[in-house]
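Trainee: Need a 3D model of the sequence below.
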Amino acid sequence: MPTDGDELDLSALRFEPLAERPSKVFLRHLGQPAGPGATLEDWLDSLPGVLAANGLKRLRDAIVRAHDEGHPVVAALGGHVVKTGCAPYLVDWMERGVLSGLALNGSAAIHDLELAIAGHTSEDVGSRLAAGTFGFARETSDLFALACDRAAETGCGLGAALGEVVLEHGGPGLDTSLLAAARRRELPLTVHVAVGTDIVHMTSRLDGAALGRATLDDFRTLCGVVSRMEGGVWLNLGSAVVLPEVFLKAISVVRNLGRSLDGLTTANLDFDQKYRGLLNVLQRPGAEGVALTGHHELMIPLLHAAVVARLGAPVSAQNGHG
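Mentor: Numbering: from 1, shown residues only. Here you go, the predicted structure:
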């Protein structure tokens with residue numbers, strides 16, 4: 001406990017004029033409510049000039065600049081991006097020539113496949129696990145195994161083979177499928193599998209050697225994509241572990257070969273910023289990093305709309321660019 005002799009003399013505290021004190025927030029940084037009839041561009045301009053609002057606009061500008069200058073924009077995504085209904089925004093970006101390629105983990109590919117062929121996906125894991133039925137949809141496993149066999153035989157890679165199989169099989173969700181859209185446009189879409197993590201690994205129909213060959217070919221394809229990303233943008237959407245690790249290894253390959261990644265912008269969009277997304281995507285590659293935290297079903301449509309509003313051109317005018 002302090003004694004009387006330890007009491008501070010508060011009258012000796014030194015103060016300075018508020019006008020001379022360094023500050024971080026000024027009137028120019030405050031948001032302004034957008035009025036009736038405001039455009040999306042008006043609304044974005046009205047946001048506060050701080051933190052995530054600035055990050056959103058920086059990322060929008062980086063994507064638009066990459067598109068206009070012909071640099072790649074690549075989206076890497078986990079399964080929840082598809083499950084939360086966000087694939088159509090990425091398909092639209094493909095149609096506009098904004099996206100140059102995609103990288104999916106196994107979960108994202110499976111959910112996309114199911115939506116494409118059946119129009120529905122995702123299970124109540126708890127109840128179906130207890131019943132011993134979780135993950136045993138026949139078409140999902142059979143078509144995934146078929147794609148692995150084809151990819152191993154032809155060397156086309158897992159993503160391309162899945163796109164072909166989905167288009168051949170047909171279904172109500174083809175127009176919203178990333179696999180189908182990328183294959184139709186001959187854009188690189190790679191699938192990066194961690195063995196044992198996906199429901200399709202439980203079938204005896206799956207050939208492990210074919211799976212390994214197919215996804216390894218896709219990793220090598222992705223290294224080629226990353227090698228051309230000088231001035232481009234890498235978007236990590238909702239993958240906390242697998243795709244940040246895959247990206248880091250691709251970066252290492254590219255730098256080992258002496259390729260430049262100057263001007264690369266990376267972004268991590270998730271409802272929570274995790275270790276690998278922050279380090280492997282935003283910090284370690286030596287790029288300009290943007291972290292945006294929020295729910296996919298809000299953040300991805302918002303970013304999509306911000307980019308499209310800035311481009312300001314219809315889909316037909318954008319096709320084939322970038």
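
Trainee: Sketch out the helices for the stretch 151-300 of the chain, chain order is fine.
Mentor: Ranges of helices in the stretch 151-300 of the chain, per DSSP state H, counting those that start in this stretch, are 158-169, 178-184, 208-226, 242-256, 275-276, 296-311.

Trainee: Contacts for the second one, please.
Mentor: Pointing back at helix 178-184 there. The contact list for helix 178-184, computed with CB atoms under 8 Å, 6 or more residues apart in numbering, reads 82, 87, 90-91, 94-95, 101-102, 104, 108-109, 112-113, 116, 159-160, 162-164, 166-167, 174, 187-189. Yep, even glycine has a C-beta here, placed from its N, CA and C like the rest.

Trainee: Hmm, Val98 and Ala75 touching each other?
Mentor: No - using CB atoms under 8 Å, Ala75 is not in contact with Val98, being 9.5 Å away.

Trainee: Neighbour count: the two, which is higher?
Mentor: Ranked by neighbour count (other CB atoms under 10 Å), Ala75 and Val98 place Ala75 first, with 27 against 23.

Trainee: who touches that one in this structure?
Mentor: Leu90, Trp93, Leu99, Gly101, Leu102, Ala103, Leu235, Leu237.

Trainee: Against Asp6, how distant is the spatially most central residue of the chain?
Mentor: For the chain, the residue nearest the mean C-alpha position is Leu237 (2.7 Å; CA atoms, centre = their mean). Per CB to CB, to the nearest Å, Leu237 is found 56 Å from Asp6.

Trainee: Nearest to Ala62, out of the helices of the stretch 151-300 of the chain?
Mentor: Nearest to Ala62, of all these, is helix 296-311, at 9.8 Å by CB to CB.

Trainee: Can you give me the buried ones in the closest one?
Mentor: Residues 296, 299-300, 302-311 are the ones in helix 296-311 that count as buried (16 or more other CB atoms under 10 Å).

Trainee: again, but for stretch 120-132
Mentor: Using 16+ other CB under 10 Å as the test for burial, stretch 120-132 gives Thr121, Glu123.

Trainee: May I have the distance across that stretch, first residue to last?
Mentor: 21 Å (CA to CA, to the nearest Å).

Trainee: low pLDDT regions in this protein?
Mentor: Filtered on pLDDT under 70, the chain yields the residue ranges 1-5, 313-322.

Trainee: hey, where'd the strands end up in it?
Mentor: For the chain, the strands defined by DSSP state E cover 73-77, 101-105, 189-192, 233-237, 265-270, 288-293.

Trainee: Check which helices and strands the fifth one sits against.
Mentor: It refers to strand 265-270. On a contact count with 3 or more CB pairs under 8 Å, 6 or more residues apart in numbering; DSSP states H and E, strand 265-270 meets helix 51-69, strand 233-237, strand 288-293, helix 296-311.

Trainee: Now do it and helix 242-256, the angle between them.
Mentor: Interaxial angle, strand 265-270 versus helix 242-256 (axes from the mean of the first three to the mean of the last three CA atoms, to 10 degrees): 170 degrees.

Trainee: Also the first one?
Mentor: Orientation of strand 73-77 against helix 242-256 (the same axes, to 10 degrees) gives an angle of 140 degrees.

Trainee: For Val193, see how far away Ile199 is.
Mentor: 12 Å.

Trainee: So for the two, which residue has more residues nearby?
Mentor: Taking neighbours as other CB under 10 Å, Ile199 and Val193 compare with Val193 leading, 25 against 18.

Trainee: The more buried one reaches Leu211, doesn't it?
Mentor: Yes - look at Val193 against Leu211 with CB under 8 Å: they come within range, at 6.4 Å.

Trainee: Which neighbours do these two have in common?
Mentor: Common contact partners of Val193 and Leu211 (CB under 8 Å, 6+ apart): Leu158.

Trainee: So which of the contacts of Ala75 is surrounded by the most neighbours?
Mentor: That'd be Ala103 among the contacts of Ala75, by other CB under 10 Å, with 31 neighbours.

Trainee: Name the nearest residue to that residue, sequence neighbours excluded.
Mentor: Ala76 (4.1 Å; CB to CB, 6 or more residues apart in numbering).

Trainee: Surely the one you found and Leu99 touch.
Mentor: No - Ala76 lies out of contact with Leu99 (CB under 8 Å); the separation is 11.1 Å.

Trainee: roughly how far apart are Leu211 and Val195?
Mentor: Per CB to CB, Leu211 is found 7 Å from Val195.

Trainee: who's more crowded, these two?
Mentor: Using other CB under 10 Å, the more surrounded residue of Leu211 and Val195 is Leu211, with 24 against 12.

Trainee: Residues that sit against both of Leu211 and Val195, list them.
Mentor: Residues within reach of Leu211 and of Val195 at once, by CB under 8 Å, 6+ apart, are His201.

Trainee: Fine by me, we can end here.
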